[in-house]
Each structure stands twice: as structure tokens, then as C-alpha cells.
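S.K.: Need a 3D model of the sequence below.
(one chain, ligands or ions: 1)
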Amino acid sequence: MTNVTADLVGLDNLVANTAYLKAQQIDRTELRKQRLTLTLPRPKKTSALRTAVGRKYEPLCEQQPIGRKLFQQFLLTSNPTYRAAYEFLEELNAWSFAEDETKEKAKQGILTKFCQPESKSFLSYLTGSDAETCRCLSSTNFDEENLEQIGEATREFLKGKPFLEYLSSPFFYRFLQWKEYEAQKITDRYFYEFRTLGKGGFGEVCAVQVKHTGQMYACKKLDKRKLKKKGGERLALLEKHILEKVNSLFIVNLAYAYDSKTHLCLVMDLMTGGDLKFHIYHLGERGLRMERVVYYTAQITTGILHLHAMDIVYRDMKPENVLLDGKGQCRLSDLGLAVELPQGKMICQKAGTSGYMAPEILKQEHYRTSVDWWALGCSIYEMVAGRLPFKDFREKVQSDEVTRRTLEDECKFTHKNFDAPTKDIVGRFLKKRVGIRLGCRNDDPRNHVFFKNISLHRLEAGLVEPPWVPKPNVVYTKDTAEFRDSSEVKDIQLNAKDEKFFKEFSTGAVSIQWQKEIIDTGVFDELNVPKLDGRDCETSWKSRMSFSETLFHTYIPSFSPSPDCMLICWTIIFKSRDAKSVHVKSNHSRMDENKKKSMLTTASLCFVLRSV
Ligand SMILES: Nc1ncnc2c1ncn2[C@@H]1O[C@H](COP(=O)(O)OP(=O)(O)OP(=O)(O)O)[C@@H](O)[C@H]1O
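M.R.: Here you go, the predicted model:
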């Protein structure tokens, strides 16, 4: 390369990096202005949607983030008992994650607020032994078992009458509006595109940003023609299907799947901190500090357990596939080799990367999830020593020889950084016999002494501080020029069958991730304001009341107008045309002075709200 060309390449990279880093510093005020014209659609297909979303409590009120928020808003505004149930679950959750003094304070708070019959938030809906446990709860028996019992009883209570009432409330109507919005068609015009972050077998991975929320993602683009040429369609669909199913803090989650003219696109969590291989070999000394090794291994193990709980075997565990996010937490990525295990059966298929493949794969025996624990053993070894247990750093060796060593040799711990717990855990993961390997006998490897300094409960909730945080102004990947790919596939024609497959792949937004994005970027709060359009609201008397309540709760939580005022308020908002008519109405009505005053206050507020 001449100097001039090299300079230009360097300049290209600099520009690409600057644009990419700048995009991550989102100007929320600017975005909010651009979103002023956005409104929630009316659920035209209401009946279809109502059936599609089902009427089950868990998916509607617990799993879907927007569903959860709206159900919470419903509970908070409905009646004091529902409110108490909701607040109890919230405070119970806070207590379970708190530590030291904060935990003690949370405990005392729960005891006085919810367990004293004279308190207005007393859990009066509990019956039988649950009520007894609640009444007898004190500082001495305040333990997980008792709280679990009351928590479970509270959830059961919420699944009953409160849930049924929610389904016919305006809050659920609002949920259907969000579902309608979620079902929009996704195309490449939905995103801005930034620099390439990596290269895969069928195309590149680049950074993208959702135009109207500012959310950054990584987009894995699979070239349609290349896929067809190499027969990769089935695998791509399988990867998408598995990614769509997982929802874990420790696995890269899928947010959108769509197609452009030339590519199938998987839009996933953006991991800006680089992969662990890059950290082991390219930053300073080879290998990682032990604190980092333990932290990453705990997160990786939690991710693997999540996959195994769904009968999915990962099959490509290696540091290169573990990516760090901007905070320094890690996630498993590239589920291209993952498979769903047939129930109760084993599989026998050679898959994985040389150096990380378990003896049972190399011997072409049947296996289930054991292979991931072997590969994790190799990965911990590599994080500590900067080499693999059966292959040295940069050693030029045939894969047959790596296979021989894996099957015959014992793992040696010569590197100075191996302490006793690390040797022990690696040794247990690298047992050649599956029957005695760590993780393979329904045991949880996280109980090993290697993890003694990590609170797994807090780790699972993403609350343990990472030992290392990426610098916000550094791009932890190779220069863009290194990913340049000029190979084009011209000899492949796409036909109707291919189009059918592309359609099957392009399912748009993935519910949970999309809803998280809407909440995290503030769009939920902006658009969830009740729009003052009476036709949007169901017309039963009760719905009108509750809709007005929502309105007030949203804008002026401290103000609670009387039921009379609510109904008048509804009429004013939806029926009358202007301020004059309200005043005429109020002047002509035969109300006592207090009522009139209250109505006028309400009416004035409504007009203020109408103009918001
Ligand atoms: N979510 C992400 N955030 C940031 N970078 C990513 C992300 N996913 C992938 N990359 C980068 O893109 C590269 C290729 O991605 P990936 O490994 O998923 O593709 P692939 O086609 O499965 O590759 P391979 O053929 O190596 O298996 C990764 O090595 C990583 O550097």
C-alpha cells in the first residue's frame, strides 16, 4: 500500500469511528422534538390482536415490559388494596437485592407498612395460612421462605379479579395500541447505519441506530445470494429462531429480524467493548486478571445455564464469541452452531472450533449439553494463561494433533496465575468422562468455590459492578479496512421459493426487546400520555371513569377528583367543543357550591391537559 492510500484508509477509519462514537452520545431532547408527531395507532385489528396476545397473566403482565408497566399503572390507580399488593411486590424485590443497612431498612419498611393490621397498606386480601404468616411476620422470622409464601399468594391474588378488571380497562386498550405499533413493518429505512464491527461467514456486522428512538444495535447482515450459494438458509433461520427465544442478560438478544433487497438482517444488542479474545491477546499482557476471569466466567456460566434450561446446546463456547458491552458486562454471541435438543434424546454431529471441542464430539459419540462445559473449561484456561490447554499460543499444529492431545493428554497448569480454585474448576470441566464432568450431573457449576466472592443473586440481576469498564471513546475492534469484502455473488438468481423463505425470516420487531427499547429510550412515557380522543376509549361508564383517573394520575398524581368530577371531566374532554360550553354547563347546573368549585377546577385542568 502506498503512503497516500494508507493515509486515506486511516482517514476513512477515523471518520467511521467518529460518527459511530458520536451516535452513541444520543441527544434525547433533539429526538423528542422529532417524535412530537408520533402517535399511537388505534388498534384497528382489535379483535385479532386481542386473540393474538392471549389473555394469560404471565405473558401479559409479567413478561412483556410494556404490559407489565400498564398493569402496574392500573393497580396503582384502581383501589388501595391493589395498590398495596403492587407496592408489596416492589418492596419485596428491592429487599431481596439490597445489602447491609439498606436491606435492614427495607425489612423494617415491609413489616410496618404491610404486616400491621392497622396500616392502610395491610395485605388484607391474604387468607388462611398466608394471612397468618403475614400477621406473624417479625424481625426474627423475616426469611426468604415466609416472604416467598406471601409473595406467591400476592401474585395469585393479582391473577384473579385485578387481572380480569385490567382486561376491560383502558390500560389494556392502551396495551393493544402498543401491540399494534409493535407490529409495524421494519425495513432498512428504520435505521441509520454506521461502521463495520466485524465480519462473519455470510456478510458483515455493522452498528446501526433506530432513527426515532436513538437506540444503538449491531446488525448482522447475511448476503441473500451467498446464503443461497452455500446452502446456509436453514442455519440462518435456526440461528434466528434460537436468538428470538432467548431473553437473558448474558446472551446477545435479538431485537429485529428483517430483510433488505440484498440481505437478511439480525439486529442485536450492540456490544461496544470488544470480544474476550481481543482482550486476552491484543491489550497489554496475554491473559486477564483473575478478578476479570471469575466475573466473566460467572456471567458466561449463567448464560450457558439459560440456554441449557431451554434444551439448547451452544456448541461454540470460546472467548472470541463472548462480547463485552459498554459497561463491561459480557454476553454470549454467535448462536450459529446452537441447536435445540430433541426431548430426551442425544445428538451426534461434529460441530465446534478446534481446540475447544470435547472428547465426545471428537470421537463422534452422542452428546447433549456436556460439550459446553468442556469448552468453558478450555476458555477459563485461555483467559488465565493466554493459550489453550492443548494448543500453545500461535502454535502451528494440525487439528488432528489437537484432537490426539485432547483425547490422550492430561491438562497441565504451568502458568503462574493458576491458583488452587482455578486449577480445580478447570480440571473438573476438563474431565474426559462426561459422567464426572462439572455441570453434567444436574449440578450448578456456580456453587464451586471459584465463585465464592460473587453474589450470584445480584449477578443474575446485572447488579454486580464489572471489574473493568471499557473507555467510552475507544473503538474496541479492528480498523474498518480489515473487514472490507469485495467478493460478490453474481451467478445466483433468487426465485419465488427464496422470497418465501425471506418472508418467513423477516418477522420484524421481537416483542420483549422492542418493548424494552421503547421504555429505556423514554418513548413509552412520551406516548403513553392518554390522548384526549373519546373514540379511543371504550364507552362503558366504568371505562370512562377509569380513563379519566388515568389522565389525572398521569398528569397530576396528587390530585384525586371525586367520581362526579370524573364523569363530568370525561364529558368535557370528549364531548364538548370549547371552553365556553363548559362554563355554560357549570353555570347552569344545580350543584352545591363546593361541587361546582371542584367541577370547575377539574374542567380547567382538563383544558390545560387538552392543550398539552
Ligand atoms: N452484537 C454485536 N455487537 C458488536 N459486535 C458484534 C456483535 N455480533 C458480532 N459482532 C462482531 O462481528 C463478528 C462476526 O459476528 P458473528 O461471529 O456473529 O458472525 P458469524 O457469521 O457467525 O461468524 P463466523 O463465521 O466467524 O462464525 C464478531 O466476531 C464480532 O466481532
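S.K.: Which pLDDT does the model give P557?
M.R.: P557 is assigned 56 on the pLDDT scale.
S.K.: I misspoke; the intended subject was G54.
M.R.: 65.
S.K.: and if you look at D592?
M.R.: So, for D592, pLDDT stands at 57.
S.K.: How about the residues of the stretch 351-500 of the chain by the ligand?
M.R.: Within the stretch 351-500 of the chain, the positions adjacent to the ligand are T477 by Cβ under 6 Å from any ligand atom. Heads up, the C-betas are built off the backbone N, CA and C, glycines and all.
S.K.: Tell me where the model's unsure across the stretch 351-500 of the chain.
M.R.: Applying pLDDT under 70 to the stretch 351-500 of the chain flags residues 486.
S.K.: and the residue in it that the ligand sits nearest to, how many neighbours?
M.R.: For the stretch 351-500 of the chain, the residue closest to the ligand is T477, as judged by Cβ to the nearest ligand atom, at 5.9 Å. Residues lying near T477 (other Cβ atoms under 10 Å) number 22.
S.K.: was I right about it contacting G274?
M.R.: Yes: assessed by Cβ atoms under 8 Å, T477 is found in contact with G274 at 5.9 Å.
S.K.: re earlier: find the nearest non-adjacent residue to the residue of the stretch 351-500 of the chain closest to the ligand, please.
M.R.: Once flanking residues are discounted, T477 sits nearest to L197: 5.2 Å by Cβ to Cβ, 6 or more residues apart in numbering.
S.K.: Please name the residues that touch S511.
M.R.: S511 sits next to Q64, E182 when contact means Cβ atoms under 8 Å, 6 or more residues apart in numbering.
S.K.: Number the chain from 650, please
M.R.: Shifting the count to begin at 650 puts that one at S1160.
S.K.: Quickly find the element holding the residue of the stretch 1000-1149 of the chain closest to the ligand.
M.R.: Secondary structure from DSSP states H and E places T1126 outside every helix and strand.
S.K.: and it, what does it touch?
M.R.: When contacts are counted by Cβ under 8 Å, 6+ apart, T1126 touches L846, G847, G923, F927.
S.K.: for whichever residue of the stretch 950-1099 of the chain sits closest to the ligand, helix, strand, or coil?
M.R.: Nearest residue of the stretch 950-1099 of the chain to the ligand (Cβ to the nearest ligand atom) works out as D983 at 3.7 Å. Of the three states, D983 takes coil under DSSP: H, G, I helix; E, B strand; the rest coil.
S.K.: Can you report how many residues lie near the closest residue to V1172 other than its chain neighbours?
M.R.: Closest residue to V1172 apart from its sequence neighbours, by Cβ to Cβ, 6+ apart: T862 at 5.6 Å. Neighbour count for T862, taken as other Cβ under 10 Å: 19.
S.K.: Could you report the separation of T862 from the ligand?
M.R.: According to Cβ to the nearest ligand atom, to the nearest Å, T862 and the ligand sit 18 Å apart.
S.K.: ok, now V1159?
M.R.: Between V1159 and the ligand the distance is 14 Å, computed by Cβ to the nearest ligand atom.
S.K.: next one: phi and psi at the residue lying closest to that residue once chain neighbours are set aside?
M.R.: Nearest in space to V1159, with sequence neighbours left out and distances taken as Cβ to Cβ, 6+ apart, is L903 at 5.2 Å. Backbone geometry at L903, expressed as degrees, to the nearest 10, gives phi -90, psi 130.
S.K.: go on, F771?
M.R.: Torsion angles, degrees, to the nearest 10, at F771: phi -60, psi 140.
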